[in-house]
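In: Predicted model and sequence below, questions to follow.
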Amino acid sequence: MTSDKTPVIIFFWGEIMRRYLKVFTLLLTLVMLGGIFAIAPSQVSASGKKFSDVDLKPSSDGYKAIYWAVDKGVTTGIKNTDKFAPEDACTRAQAVTFIWRLAGKPSPKTGKSAFSDIDSKFKKDRPEMYKAILWATEKKIVAGYSDGTFRPNTKCSRAHIVTFLYRYAGKPGFSNYSKKKSPFTDVEKSIGKDMYPAILWAKDKGVTTGISGTKKFDPKGTCTRKQIVTFLWRYDGKSVAKPTAKPTATATPSPVPNGKDTTPYEEIKLDGVKEHTYTSKDYCYLESDKYVLFLEKGLTLPGDFKVNLDAIVDEIEDQLGISSCPKSFTYYKFGNMWVYDADENGEIPHPWKDWDIGTKIPILLNVDEKGAGYISCADAEYTKLYLWGLISDETWENVPYYKNRPDLRGRCVDYVEIAHEITHTITIRNRTLTTILAEGIATYTEEAVIYALADKYPSIAEAKDAYNWEDDSVPEAVNADNAERIFIDDYNELSPAHRGAEYVYGSYLFKYLHEKVGKDFYRKFVDRLIEDKVANDQYGTYDKKIVTAYADSLKKIAGDDLFTKFGAWCVEKNVLQNVGHWVD
């Protein structure tokens, strides 16, 4: 658990309303005399709530966000006043309470606080905040401090708030964002393990635009109450909340809405015959026992796609001895996640809003319509795939990015890539890993799965034959003397020229473990990590102490001389000896 330097963001507004009251008589007189002046529109929410200190244009994001927050039940303003205090600093307690209310006020699993300053008196005086803090801590949205305190009144920075929101969203695309270049001149990777990807995610998803007129984010700047509600409003898709009717004494609570029940998008079926294809004309979905496919417009699925995907998921579980939906994992509501990029108008599509698919894996099949060069990626929350072999004829002919790449048209469906990315999602759900271990187990498993299924599934066999199984090179040959050092270094300073070394080193390490420990090697490793309480929640960043803990857990299942023997095995098998690089 890290000390808390990571929140969520929202905005509020300034103080002018009383000036209107002072000049009301003058303005009214001018209007009656036929003047061109008009009284400013009332600043109120859909439910009639208005704040005397909120002076913003009704068309502004801040105005909309503040009154959205009121109608959504995120805030009621300052207690026993008609004020919102938009420019006041947002505290840690306020931030988690706003997020907790946005989440629907879920009950924490425990009723007892672990923090010395969140005691029975705090519970009595601020019961909602008490529940919110317990819930947010359980969900790892926030953490306490090393001295056992929570510090509810500590002011949150802008970086804190977006990090809280990022964690609430389930850290979408963590490994991808953690490796991207910062769009802000004042945000570098050293800012924090979660903060850096959180800020990039917030910018990418339209939650923040940074400081107006600059290329800065001002991560250390105090986040105001107005800012945090604005962040939340944007995260929620800039929705317009409807005032909720007060329930009568006999009213029965409505069930939690699930977008699946009212979705306008088609549920598709495939008959298992490869030639019987389906082409998406809009968003659509396909549901299986362990996953749900979410398609964008412009994709063509072969009729045997589901059959092959079902087999791949089952085989991954069998090869590794783990479940795709472990009970220990915390499942976030899929409909609350940001999974698409902004459109040409800057709006972020949210077609699956309110969807809840339980423990199933969301698998997104996407089209890179802007030609941004997106590649497939995965985290614990979902798998996102960009596959040349699924692009429809219409997309090839009408989208410039694809039209300009005729050499890639006609490719078979890359089931190897699919197996790799889904393995990431399944393994991370069971236990987080280091870079070498994460990429290694995905590379090891893709090969094991595809070769195991190729004889029975013709399309998977086609993908196996088309794939280049040649090993990537490594920066230095692996041997008995350096194998452990390389593992501990985790290729954390790997240059682009050697990208791929972590994949091949890790895959051979797991091949060795399979040979020496047995078929259930990975299940034993995960159990060992859980027992040792070893986890890496900051994938994409390097911490030597954490990586060493993983090495120690591996030794407990394979012997203290694991890395010495592995290095000698590499020399004997003539693997990981090809020193080179991708580019000159």
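Out: That came in fine, so what should we check first?
In: Pull the contacting residues for residue 336.
Out: Counting by C-beta atoms under 8 Å, 6 or more residues apart in numbering, residue 336 touches 103, 168-170. The C-beta positions use only the backbone N, C-alpha and C, and glycine is treated the same way.
In: who wins for neighbours among these?
Out: Per-residue neighbour counts (other C-beta atoms under 10 Å) across the contacts of residue 336 peak at residue 168, which has 25 neighbours.
In: picking up where we left off before, could I get the contacts of residue 336 in CSV, plus columns for pLDDT, secondary structure and distance to residue 327?
Out: Shown next, in CSV, are the contacts of residue 336 (pLDDT from 0 to 100; DSSP: H, G, I helix; E, B strand; the rest coil; distance: C-beta to C-beta, whole Å):
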residue, pLDDT, secondary structure, distance to residue 327
103, 87, coil, 21
168, 89, helix, 22
169, 86, coil, 22
170, 85, coil, 17
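In: Farthest-apart pair in those residues, please.
Out: Maximum pairwise distance among the contacts of residue 336 (C-beta to C-beta): 12.0 Å, between 103 and 170.
In: what residues are up against the residue most central in space within the chain?
Out: By C-alpha atoms, centre = their mean, the mean C-alpha position of the chain lies nearest to residue 172, the distance being 0.9 Å. When contacts are counted by C-beta under 8 Å, 6+ apart, residue 172 touches 166, 201, 337-339, 379, 381-382.
In: Sitting in helices, which of the residues you listed do you find?
Out: Mapping those onto helices (DSSP state H) picks out 166, 201.
In: Where is pLDDT lowest across the contacts of residue 172?
Out: Within the contacts of residue 172, pLDDT reaches its minimum at residue 338, with 79.
In: In three-state terms, label residue 300 for me.
Out: Following DSSP: H, G, I helix; E, B strand; the rest coil, residue 300 is assigned to strand.
In: quick one: secondary structure of residue 322?
Out: Going by three-state DSSP: residue 322 is coil.
In: What is the neighbour count of residue 514?
Out: Neighbours around residue 514, by other C-beta under 10 Å: 16.
In: quick one: which helix or strand includes it?
Out: Taking DSSP states H and E as the definition, residue 514 sits inside helix 501-517.
In: Next, the contact list for residue 259, please.
Out: By C-beta under 8 Å, 6+ apart, the contact set of residue 259 is 335, 352-356.
In: Distance check, it against residue 294.
Out: 11 Å (C-beta to C-beta, to the nearest Å).
In: Overlap in contacts, the two.
Out: residue 352.
In: just how off-centre is the helix holding residue 514 within its chain?
Out: Centroid separation for helix 501-517 versus its chain: 28 Å, with C-alpha atoms, centre = their mean, to the nearest Å.
In: Mind listing residues that contact it?
Out: Under C-beta under 8 Å, 6+ apart, the answer for helix 501-517 is 435-444, 447, 471-475, 478, 486-487, 490-491, 494, 521-522, 524-525, 554, 557-558, 565-566, 569-570, 575-576.
In: List the buried residues of the following helix or strand past it.
Out: Going down the chain from helix 501-517, the next helix or strand is helix 521-532, by DSSP H and E. Neighbour-count burial for helix 521-532, counted by 16 or more other C-beta atoms under 10 Å, picks out 521-522, 524-529.
In: how far off helix 501-517 does the helix or strand that helix 521-532 is followed by point, in degrees?
Out: Moving toward the C-terminus from helix 521-532, the next helix or strand (DSSP H and E) is helix 544-558. Angle, helix 544-558 to helix 501-517, by axes from the mean of the first three to the mean of the last three C-alpha atoms, to 10 degrees: 30 degrees.
In: What residues sit buried inside the helix or strand that helix 544-558 is followed by?
Out: Moving toward the C-terminus from helix 544-558, the next helix or strand (DSSP H and E) is helix 562-573. When neighbours are counted by 16+ other C-beta under 10 Å, the buried residues of helix 562-573 are found to be 562-563, 566-570.
In: Could you do stretch 182-200 as well?
Out: For stretch 182-200, the neighbour count (16+ other C-beta under 10 Å) marks 182, 184, 186-187, 189, 191-200 as buried.
In: Where strands are concerned, which of the residues you listed count?
Out: If you go by DSSP state E, the buried residues of stretch 182-200 have nothing in strands.
In: Nearest to residue 161 among these?
Out: Proximity of those to residue 161, judged by C-beta to C-beta, is greatest for residue 198, which lies at 9.3 Å.
In: Would you check that the closest one makes contact with residue 160?
Out: No - at 9.4 Å, residue 198 does not count as touching residue 160 under the criterion of C-beta atoms under 8 Å.
In: How is the protein divided into domains?
Out: With domains defined by automatic domain parsing, the chain comprises 17-235, 260-423, 470-584.
In: Just put the ones you listed in a markdown table and tack on distance to residue 458.
Out: Putting the domains of the chain into a markdown table (distance: least, C-beta to C-beta, whole Å) gives the following:
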| stretch | distance to residue 458 |
| --- | --- |
| domain 17-235 | 33 |
| domain 260-423 | 8 |
| domain 470-584 | 24 |
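In: And those: which comes nearest residue 453?
Out: Of all those, it is domain 260-423 that lies closest to residue 453, at 5.5 Å by C-beta to C-beta.
In: mind listing the strands in this protein by residue range?
Out: 266-267, 278-279, 284-287, 291-295, 300-301, 361-365, 377-378, 383-385.
In: For this protein, which element, helix or strand, carries the lowest mean pLDDT?
Out: Among the helices and strands of the chain, helix 17-32 carries the lowest confidence by mean pLDDT, DSSP states H and E, at a mean of 37.
In: Turn the strands of the chain into CSV, including mean neighbour count and mean pLDDT.
Out: Compiled in CSV, these are given as follows (neighbours: other C-beta atoms under 10 Å; pLDDT from 0 to 100):
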stretch, mean neighbour count, mean pLDDT
strand 266-267, 13, 94
strand 278-279, 18, 96
strand 284-287, 20, 95
strand 291-295, 23, 96
strand 300-301, 21, 97
strand 361-365, 23, 97
strand 377-378, 24, 92
strand 383-385, 23, 96
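In: any chance of those in JSON lines, plus distance to residue 408?
Out: Output for those, formatted as JSON lines (distance: least, C-beta to C-beta, whole Å):
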{"stretch": "strand 266-267", "distance to residue 408": "28"}
{"stretch": "strand 278-279", "distance to residue 408": "18"}
{"stretch": "strand 284-287", "distance to residue 408": "24"}
{"stretch": "strand 291-295", "distance to residue 408": "20"}
{"stretch": "strand 300-301", "distance to residue 408": "15"}
{"stretch": "strand 361-365", "distance to residue 408": "17"}
{"stretch": "strand 377-378", "distance to residue 408": "19"}
{"stretch": "strand 383-385", "distance to residue 408": "15"}
